[in-house]
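Visitor: Sequence and predicted structure are below.
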Amino acid sequence: ENRGGRGEGGCLEGNMGSHAATKATNITWHEGELTREDRRALLGQSGATIWLTGLSGSGKSTISVEVEKRLAMQGRVCYRLDGDNIRMGLNKNLGFSAEDRVENIRRIGEVAKLFGDLGVVTTTAFISPYEADRMIARKLHEDAKIPFVEVHVDCPLSVAEERDPKGLYKKARAGIIKNFTGIDDPYEAPSKPEVVVDTSKLTVEECAKEIISYLQQEGVIPAPPEDAIPKASTN
């Protein structure tokens, strides 16, 4: 999300604050009659989450838009979750305190997992600067046996700051925004992401192609039929 700041948290599951605590009592999970396999058959695909993480201004949202477009062109049912967009609805009651940032990412992880269970390929574009928060989202998916593909949208701070599309780095440098990721709060790069794209060297289209290529290679989505791939000219 564009605000940066102390990321979206930095606490492990056992110390996630009051938002994440289960407060409801006397509740029981109600199983339906449709299984994940039934939904997969209806949609003709399996669900997955593509989790884009990187500095503000690294290009996460722009790449997410391109990936979604390309997936749709291949006939995939997909949906895009964007940091700022989510804070205008589902998470509009959350601010930028450390506790609220943890809850922001926890909710996104749960929503993405639900989409994955449905069979939808979901892209998420959030700074999510702390490894612990991203690990919580990953574990949610692993426990549910839904593919989780972490994409590090890599970009040197100097390049992101030069882009500064919303003037947030300028405000952070001036002290107007405190605890801004990359300026006075750290960004913890993923230690073992499935995909790394360097937006200081690659175009948006090239980044999207790399991500989709990985999804196809790993069987997360099917590769296009051979007759749909343009053939090289022999002239």
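Guide: Thanks, I have the structure now.
Visitor: what's the residue nearest to residue 196 when sequence neighbours are not counted sitting at in phi/psi?
Guide: Ranked by C-beta to C-beta, 6 or more residues apart in numbering and with sequence neighbours excluded, the top spatial neighbour of residue 196 is residue 152, at 4.7 Å. C-beta: built from backbone N, CA, C; applies to glycine. When read as degrees, to the nearest 10, the backbone of residue 152 gives phi -90, psi 110.
Visitor: Dig out what residue 152 forms beta bridges with.
Guide: residue 53, residue 196 (DSSP bridges).
Visitor: residues in contact with it?
Guide: 53-54, 189-190, 193, 195-197 (C-beta atoms under 8 Å, 6 or more residues apart in numbering).
Visitor: could those residues be laid out in CSV, adding pLDDT and neighbour count?
Guide: Listed next are the contacts of residue 152 as CSV, based on pLDDT from 0 to 100; neighbours: other C-beta atoms under 10 Å:
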residue, pLDDT, neighbour count
53, 97, 29
54, 96, 28
189, 95, 14
190, 96, 20
193, 97, 18
195, 98, 20
196, 98, 15
197, 98, 26
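Visitor: What count of nearby residues applies to residue 76?
Guide: 19 (other C-beta atoms under 10 Å).
Visitor: So it: helix, strand or coil?
Guide: coil (DSSP: H, G, I helix; E, B strand; the rest coil).
Visitor: Okay, and the beta partners of the closest residue to it other than its chain neighbours?
Guide: In space, and not counting its chain neighbours, residue 76 is closest to residue 121: 5.3 Å by C-beta to C-beta, 6+ apart. For residue 121, the beta-bridge partners under DSSP bridges are residue 48, residue 78.
Visitor: Can you verify my assumption that residue 121 contacts residue 45?
Guide: Yes - in this structure, residue 121 is within contact of residue 45 by C-beta atoms under 8 Å, at 7.2 Å.
Visitor: Could you give the separation of stretch 30-44 from the chain centroid?
Guide: In this view, stretch 30-44 has its centroid 24 Å away from the chain centroid, taken as C-alpha atoms, centre = their mean, to the nearest Å.
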